[in-house]
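**Student:** This is a predicted model, with the sequence first.
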Amino acid sequence: MRRSAALVLMMLVAGCATPAKRFGEAPPQVSQGSERTFRMSDDSMASQAVRQVLSSIGFTEAENADLLVEVGFSVRPKELKIAATGEGGEPKILSPSAGKMPRLCRERAFVLNVAFVSMSSGEVSSRSGATMIRCEADHEVVLDQLAQTALAASD
């Protein structure tokens, strides 16, 4: 009986999580023989997760970097999406809604946004992110998964 209860509990907990999904543009890539340098805009927990992933994929942190990396992290209702006015007045989705999942808990979307800003021009060279749905989660664990997904080379 205890095994059955434990199995049901594990299935319920597993039903309260979705894998992280990437959105936006692909992050700048490091080509062989080139060194891409970055500087973080702050030292938040979300920025630390992004810093670790960038370092693991060949970027180097430097004070006089090529790229400024701005990171945003939010926990919000899963149905919410964020848009801005794009070129020509068309709406541009910056962060899509997180999607659907079984209703076994109070669902929240965990969202990480990453923008790479060229230090020479001040323009955003790329913007990407990742989102996942969880009932509850340790932010450090979620941020690691979101950063890995947001900075992946492709979907």
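**Tutor:** That came through, no problem.

**Student:** Would you confirm that F38 contacts A62?
**Tutor:** Yes - under the criterion of Cβ atoms under 8 Å, F38 makes contact with A62 at 7.5 Å. Backbone N, C-alpha and C define where each C-beta goes, glycine included.

**Student:** Mind checking which of these two has more residues around it?
**Tutor:** Taking F38 and A62 together and counting by other Cβ atoms under 10 Å, F38 has the greater number of neighbours (21 against 13).

**Student:** Are we agreed that the more buried one is in a helix?
**Tutor:** No - assessed by DSSP: H, G, I helix; E, B strand; the rest coil, F38 does not belong to a helix; its assignment is strand.

**Student:** and the closest residue in space to it that isn't next to it in sequence, how far is that from A130?
**Tutor:** In space, and not counting its chain neighbours, F38 is closest to L67: 4.6 Å by Cβ to Cβ, 6 or more residues apart in numbering. Plainly put, L67 is 19 Å away from A130 if you go by Cβ to Cβ, to the nearest Å.

**Student:** the more surrounded of these two?
**Tutor:** When L67 and A130 are compared on other Cβ under 10 Å, the one with more neighbours turns out to be A130, at 26 against 22.

**Student:** tell me which residues in stretch 114-121 are buried?
**Tutor:** By neighbour count on 16 or more other Cβ atoms under 10 Å, the buried set for stretch 114-121 is V114, A115, F116, V117.
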